[in-house]
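[1] Below are the sequence and a predicted model for it; my questions follow.
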Amino acid sequence: MLNLFPTHILLGKAKNADNEPVWYPKTDLSMHMLILGRTGSGKSNFIYWVVSQLLPDIPVWFFDRKEDFRHLLRVTSSDLLVFNFMENFKCNPLCPPPYVKPKTWVELFTELFCKTNNLLDGSNSILLKTLNGIYHDFGVYDGSDKIPCIYDLLEALNQLKLSPRSRSGGSRESLVNRIEAYIATNESLFDCSIGFDLEKLLSKSVVFELTGLLEVQANFWINFLLYWIFEYRIAKKERGNRLLNVVVFDEAKAVFSPFENSNIGFRPINYMISMLREFGVGVIAADQTAELNNSVFANTMLKVLFPLGSGQDIYKAQTALGLTYQQIQYLYQLGLGEAIIRHPKVKEPFILQIPKYPLE
Ligand SMILES: Nc1ncnc2c1ncn2[C@@H]1O[C@H](COP(=O)(O)OP(=O)(O)O)[C@@H](O)[C@H]1O
Ligand SMILES: [Mg+2]
């Protein structure tokens, strides 16, 4: 799309007497955007519309659970890669990002894997010890770039001398079962020492399709990739409030679940979202209900509200957006392609009219 105002994106037109265009600075996307609306209300269309104005300057990563975004391939002239975790992605999650110390990565990976997979402390300490052992054996701590893969980890775990009846035997078994479940979904995914070059992928727009994965696995991969960017940028000392990447979560509930428990279903993204800005990552989160973690409401600067399905969602959204009773009533009058928007530069919420993105 031809954009006459390249530092900004055009969100749409205000629905008022003047119908003035509504602009939004691209860099402010690093303060994240939340889109709520029931199925069919126009969320995906709005995401296409916004994202098409970011490409190709700002690479966008889509975490896609419904094969929605591969359709962008047909219309975008910029490069867009589509990877499916069940089919054609390759990754060795044990390989530390460039600049990140192996020791740091072993600790982070252990925490991430155990927590996203609901594994308890016993498994955590076995995984940490075993990973340290194989990194050592492979010489990673001495600078070798031969990195063990998941199969090496599995072998090392199976070789531990633990009685199956002991507690640690049980912890090992849980760990092995989880790892085998990942391998079972797609053996060739892990069959690599390094995998696809994530550093290079950071400069490209990518659809990561998570269809067919168990929810814990989808969560693991999403959190893994975000952790990866985060640690990479910390280690590279890439900070500052520039917008470098945008990540899109349609169906954000799966990632930003409201249920929090320090051990079960832990999703680091919930605490990362407040820090991602510093590392140049803007989040666009969309969902059909308002049943989301408070971190999302608290950390999204721009909020876009399409019609919602239930009274409970409307109430939650009203509170989160700080709308009055009168303002939320507009929700019942919105036509297709219209949304209530809370724009940081405009004092009162107003109605935005969004163009249809020409997907066909
Ligand atoms: N701004 C708009 N103008 C016209 N039609 C729209 C607009 N937004 C969405 N639509 C149409 O409405 C339908 C549902 O939109 P979609 O974006 O898929 O909704 P959601 O993602 O919320 O389920 C699609 O057929 C889409 O083409
Ligand atoms: Mg949609």
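    All right, it came through fine. Ligands and ions are numbered 1, 2, ... in the order given.
[2] And the pLDDT at the residue in the stretch 201-350 of the chain positioned nearest to ligand 1?
    Proximity of the stretch 201-350 of the chain to ligand 1 (CB to the nearest ligand atom) peaks at Gly337, 2.5 Å away. All C-beta atoms are positioned from the backbone trio N, CA, C, and that covers glycine. You'll see Gly337 listed with a pLDDT of 96.
[3] how much space between it and Val248?
    The gap separating Gly337 from Val248 is 19 Å, by CB to CB, to the nearest Å.
[4] Of those two, give the one with the bigger neighbour count.
    Val248 (24 against 17; other CB atoms under 10 Å).
[5] before we move on, the earlier item: run through the residues that contact the closest residue to the residue of the stretch 201-350 of the chain closest to ligand 1 other than its chain neighbours.
    Once flanking residues are discounted, Gly337 sits nearest to Ile354: 4.8 Å by CB to CB, 6 or more residues apart in numbering. The contact partners of Ile354, by CB atoms under 8 Å, 6 or more residues apart in numbering, come to 11-12, 42, 45-46, 49, 337-339.
[6] Now, these that are in helices?
    If you go by DSSP state H, the contacts of Ile354 have 45-46, 49 in helices.
[7] Can you list the low-confidence ranges for the stretch 151-300 of the chain?
    Within the stretch 151-300 of the chain, the ranges that satisfy pLDDT under 70 run 260-267.
[8] and the residue of it nearest ligand 2?
    Proximity to ligand 2, evaluated over the stretch 151-300 of the chain using CB to the ion, is greatest for Asp250 at 5.5 Å.
[9] ranges for the helices of the stretch 101-250 of the chain?
    Taking DSSP state H, counting those that start in this stretch, the helices of the stretch 101-250 of the chain run over residues 102-116, 121-137, 150-159, 167-185, 198-201, 215-236.
[10] my read: the residue of the stretch 151-300 of the chain closest to ligand 2 touches Glu67, true?
    No - the criterion here is CB atoms under 8 Å, and Asp250 misses it with Glu67 at 10.8 Å.
[11] Looking at the two now, which is surrounded by more residues?
    With neighbours defined as other CB under 10 Å, Asp250 and Glu67 compare such that Asp250 has more, 21 against 14.
[12] Next up, the contacts around that one.
    For Asp250, the contacting residues are 43-44, 47, 62-66, 68-69, 286-287, by CB under 8 Å, 6+ apart.
[13] same deal with Leu112?
    Neighbour list for Leu112: 220, 223-224, 227, 268 [criterion: CB under 8 Å, 6+ apart].
[14] If we use 10 Å, what do you get?
    Taking CB atoms under 10 Å, 6 or more residues apart in numbering, we find Leu112 in contact with 93, 105, 220, 223-224, 226-228, 266-268.
[15] and the two most separated of the residues you listed?
    In terms of CB to CB, those reach their longest pairwise distance at Trp105 and Arg267, which sit 19.1 Å apart.
[16] neighbours around the residue of the stretch 1-150 of the chain found nearest ligand 2, how many?
    Nearest to ligand 2 in the stretch 1-150 of the chain, going by CB to the ion, is Ser44, at a distance of 3.3 Å. By other CB under 10 Å, 21 other residues sit near Ser44.
[17] quick one: it from Gln327, how far?
    Distance from Ser44 to Gln327, by CB to CB: 25 Å.
[18] Could you do Leu10 as well?
    Distance from Leu10 to Gln327, counting by CB to CB: 24 Å.
[19] Kindly report the residues of this protein close to ligand 1.
    Applying CB under 6 Å from any ligand atom, we find that the chain lies next to ligand 1 at 37, 39-45, 336-337, 354-356.
[20] now, the most widely separated pair of those residues?
    So, those by CB to CB: farthest apart are Thr39 and Pro355, at 20.4 Å.
[21] which one of the two has more residues nearby?
    Between Thr39 and Pro355, counted using other CB under 10 Å, the more crowded position is Pro355 (14 against 8).
[22] can I assume the more buried one sits in a helix?
    No - according to DSSP: H, G, I helix; E, B strand; the rest coil, Pro355 belongs to no helix; its state is coil.
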